[in-house]
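Asks: this is the structure alone, sequence omitted:
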């Protein structure tokens, strides 16, 4: 059975239990977490490989890549990856009768080279070794073709430089990360889930700060996010700050790096109440694409996260 590794910052049993309860609350309430499928290893069953679960779908009249993808809860880019001969016009009508290969969930197939391992592939594609192992059939020997689950379908290049970074930190003080970005086992259900951001544990009221210069794009309630603030930055980057208790900026307002844009935490709670029930800041980094704003690993864009 796979469980998330305890954080190094989990310095006491009480703190670990608090973090565990917070993780359960986050994973059961946030819609940005995408269900992958029931994890066979977690259910103590056999491990069916994703590539053994491919389906052939005959295209009907007036169907498009976008409509077929929506029927299977996939992104159109996923279908393009598995059907490279059909082109990439998401809204163009497909020829009726065309057979599309449909995977069980979003992802791509990559070639494993000599010297590769589950760990090296996980590092290359921003995944986790244990998840790649499960999704590819729990085989001891690395196959030549490996399915990498995920919503970001651009294959990374080894050593590729980062084109743009966000130099700030989303809080006024350092905070523990209770929930990390990427594929991981759900805390209470036998499922793998994709978490599209990071959740910072907050035990008392704390200022929320813009991680970089930008313009406020959205302020308000959003299902699964609570009070949400969205800031657009240069080069097609966007940051999202969710579960806020207060927002101090307006749509269209320019913001500077480290500018206070809101707060998170229970304003009316006593010190005892705050210690007993921590809250969290949920933070995402997304990039603009033809199919919308795609979640990215915040650690690749915020150097400050690597230092804390």
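Replies: The structure has been received and is ready for your questions. Just so you know, these numbers come straight off a predicted model, no measurement behind them.
Asks: can you map out the strands along the stretch 101-250 of the chain?
Replies: Taking DSSP state E, counting those that start in this stretch, the strands of the stretch 101-250 of the chain run over residues 107-111, 145-149, 177-179, 182-185, 191-195, 198-202, 206-209, 214-222, 226-232, 237-242, 246-247.
Asks: export these to JSON lines and tack on mean pLDDT, distance to residue 293 and mean neighbour count?
Replies: All C-beta spots, glycine's among them, are computed from the backbone N, C-alpha and C. Formatted as JSON lines, the strands of the stretch 101-250 of the chain follow (pLDDT from 0 to 100; distance: least, CB to CB, whole Å; neighbours: other CB atoms under 10 Å):
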{"stretch": "strand 107-111", "mean pLDDT": "90", "distance to residue 293": "19", "mean neighbour count": "18"}
{"stretch": "strand 145-149", "mean pLDDT": "91", "distance to residue 293": "19", "mean neighbour count": "21"}
{"stretch": "strand 177-179", "mean pLDDT": "86", "distance to residue 293": "20", "mean neighbour count": "24"}
{"stretch": "strand 182-185", "mean pLDDT": "72", "distance to residue 293": "17", "mean neighbour count": "22"}
{"stretch": "strand 191-195", "mean pLDDT": "70", "distance to residue 293": "15", "mean neighbour count": "22"}
{"stretch": "strand 198-202", "mean pLDDT": "90", "distance to residue 293": "16", "mean neighbour count": "25"}
{"stretch": "strand 206-209", "mean pLDDT": "94", "distance to residue 293": "20", "mean neighbour count": "21"}
{"stretch": "strand 214-222", "mean pLDDT": "94", "distance to residue 293": "10", "mean neighbour count": "16"}
{"stretch": "strand 226-232", "mean pLDDT": "94", "distance to residue 293": "9", "mean neighbour count": "20"}
{"stretch": "strand 237-242", "mean pLDDT": "95", "distance to residue 293": "6", "mean neighbour count": "23"}
{"stretch": "strand 246-247", "mean pLDDT": "94", "distance to residue 293": "19", "mean neighbour count": "16"}
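Asks: ok, and the closest non-adjacent residue to the residue nearest the centre of the chain?
Replies: Closest residue to the average C-alpha location of the chain: residue 196 at 1.9 Å, with CA atoms, centre = their mean. Nearest non-adjacent residue to residue 196, counting by CB to CB, 6 or more residues apart in numbering: residue 295, 3.6 Å away.
Asks: which secondary structure element is home to that neighbour?
Replies: strand 292-296 (DSSP states H and E).
Asks: can you name the next helix or strand after that strand?
Replies: helix 303-306.
Asks: that following helix - contacts with which helices or strands?
Replies: When contacts are defined as 3 or more CB pairs under 8 Å, 6 or more residues apart in numbering; DSSP states H and E, helix 303-306 packs onto no helix or strand at all.
Asks: check which residues of it are buried.
Replies: Buried residues in helix 303-306, counting neighbours by 16 or more other CB atoms under 10 Å, are found at 304-305.
Asks: residue 68 and residue 164, how far apart?
Replies: 34 Å (CB to CB, to the nearest Å).
Asks: just to revisit the earlier point, how about the strands of the stretch 101-250 of the chain in JSON lines, adding distance to residue 132?
Replies: Formatted as JSON lines, these follow (distance: least, CB to CB, whole Å):
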{"stretch": "strand 107-111", "distance to residue 132": "10"}
{"stretch": "strand 145-149", "distance to residue 132": "7"}
{"stretch": "strand 177-179", "distance to residue 132": "20"}
{"stretch": "strand 182-185", "distance to residue 132": "9"}
{"stretch": "strand 191-195", "distance to residue 132": "11"}
{"stretch": "strand 198-202", "distance to residue 132": "21"}
{"stretch": "strand 206-209", "distance to residue 132": "34"}
{"stretch": "strand 214-222", "distance to residue 132": "32"}
{"stretch": "strand 226-232", "distance to residue 132": "32"}
{"stretch": "strand 237-242", "distance to residue 132": "27"}
{"stretch": "strand 246-247", "distance to residue 132": "39"}
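Asks: out of those strands, nearest to residue 93?
Replies: strand 107-111 (24.9 Å; CB to CB).
Asks: contacts for the closest one, please.
Replies: With contact meaning CB atoms under 8 Å, 6 or more residues apart in numbering, strand 107-111 is reached by 50-51, 78, 81-82, 121, 125, 135, 144-150, 153, 155.
Asks: between the two ends of stretch 57-76, how far is it?
Replies: End-to-end span of stretch 57-76 (CA to CA, to the nearest Å): 14 Å.
Asks: that'll do, ta.
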